[in-house]
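In: Give me a model of this one.
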Amino acid sequence: MDTVVPMNRIGPIGQIRRIRQLKIVILTFPILLVLAVLFVQFLTRQQTPNSPTVLSDHDVSVSATIGTTQSYSLFGYTSARATVSLNGIGLLKEVKADEKGKFIFENFLAPSSIQEFCLTAIDTENRMSTPLCVPAPQKYTSHDALGPYLLPPSIEVSNGQALTGEHITITGKTIPGTDVSIALFHETNQTVAFVKSVYAAQALEKKTVSASSDGSYTAQVTSTNQETIRLFAQAQFNKQKTPKSNTLSIKLISVIMNYFERFLSYLRLLLNPNVILLLEVCLVLFLIYSRFRWGTFFHKKKSYAIIEVKNQLPLRLNYTALPPSVFE
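Out: A predicted model of the protein is given here:
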């Protein structure tokens, strides 16, 4: 009786092919790992924002002058414990306001040719006010102190862009115990025949809040319209108004516009030169790999197919040869 023995389905050619595939994986894995690490570092890289430096709670005075000098004194009011800087051409000096917001620069030296003094306050939350520049007196006696100078409030918003109907918080600091007026300008873009106009309809709104004992104030604003709101703050101290604060803007958009802008931001991220360079490197590596891998594959595809079919055919042992008469 004939015995049928199935041949090994893998065969030596299949083993060689698996070894080649393993070598390719071993060679390409370190390159792909390095590229993945570089890509993760690019995504997680963050820039550290620069924030103004605030002096410590201890009273520290810093000053510098250039040229022929003259002695001056001036005082004013700002938020409690704020850092006030006095600068001009050839002049730099800093002091700290007291708990009532009063600051004073006593008998400081400044160039006699100085034209103006500029005062800037940085509150305890690192928020900077707009500079207040005042002309220097032509004739000055050291017995008179210039002032009082009321510095503008500091101001910030919780979010520069929000959805319609969402509440946005306005915070800042000013002279303690004063009334703060917040002016809001609602700007609605005008469209004519689907073309946005360069003009915008403005509506003025005012909110009045009271500053706390350290000068802090808080207000909230919201709108159901898709618009831009510009705002600034002013405080009133002893029937005098301070200069206005920095002007900020809040953009209110709908939910659909929010998703659209997110899509554009992701698209800009993908079009970043670093990402494009990384994709080009990956494409070059893929082409190099495919040049050696697929060229060998298509060249020997037919041979592999024939050998695999032969390996799957059974071999018949101890068979009897047919007589020659069968082939006649």
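In: which one is K244 nearest to, not counting chain neighbours?
Out: Setting aside the residues directly before and after it, K244 is nearest to F232 in space (Cβ to Cβ, 6 or more residues apart in numbering), at 4.6 Å. Where C-beta positions appear, they are placed from N, C-alpha and C, glycine not excepted.
In: Domains in the chain, by residue range?
Out: As assigned by automatic domain parsing, the chain contains the domains 3-43+287-317, 62-150, 154-267.
In: and the ones you listed, which one is worst for confidence?
Out: Among the domains of the chain, domain 3-43+287-317 has the lowest mean pLDDT, at a mean of 59.
In: What distance do you get for the nearest residue in space to E261 that is not next to it in sequence to N272?
Out: Excluding the flanking residues, the one nearest E261 by Cβ to Cβ, 6+ apart is I253, at 7.2 Å. Using Cβ to Cβ, to the nearest Å, we find I253 at a distance of 24 Å from N272.
In: These two: which is more packed in?
Out: Applying other Cβ atoms under 10 Å to I253 and N272 shows that I253 carries more neighbours, namely 17 against 11.
In: tell me which element G165 is part of?
Out: For G165, there is no enclosing helix or strand under DSSP states H and E.
In: what's the neighbour count on it?
Out: The burial count for G165: 12, using other Cβ under 10 Å.
In: Is the nearest residue to it once chain neighbours are set aside part of a helix or strand, or is it coil?
Out: The spatially closest residue to G165, leaving aside those adjacent along the chain, is T224, at 5.3 Å (Cβ to Cβ, 6+ apart). Under the three-state scheme (DSSP: H, G, I helix; E, B strand; the rest coil), T224 adopts coil.
In: just L279 next, same as before
Out: The three-state assignment at L279 reads helix, by three-state DSSP.
In: got the contact list for it?
Out: Shown in contact with L279 (Cβ atoms under 8 Å, 6 or more residues apart in numbering): no residues.
In: How much space separates it from G160?
Out: Separation of L279 from G160 (Cβ to Cβ): 32 Å.
In: The host helix or strand of A121: what's the following helix or strand?
Out: Element membership for A121, per DSSP H and E: strand 116-122. Downstream of strand 116-122, the next assigned helix or strand under DSSP H and E is strand 132-135.
In: where along the stretch 201-328 of the chain do the strands fall?
Out: In the stretch 201-328 of the chain, the segments counted as strands under DSSP state E, counting those that start in this stretch are 216-221, 228-237, 240-241, 248-253, 315-317.
In: angle of the fourth one against strand 228-237?
Out: In other words, strand 248-253. 150 degrees (axes from the mean of the first three to the mean of the last three Cα atoms, to 10 degrees).
In: so what's Y72 bridging to?
Out: F108 (DSSP bridges).
In: give the contact list for Q161.
Out: For Q161, the contacting residues are I250, K251, L252, I253, by Cβ under 8 Å, 6+ apart.
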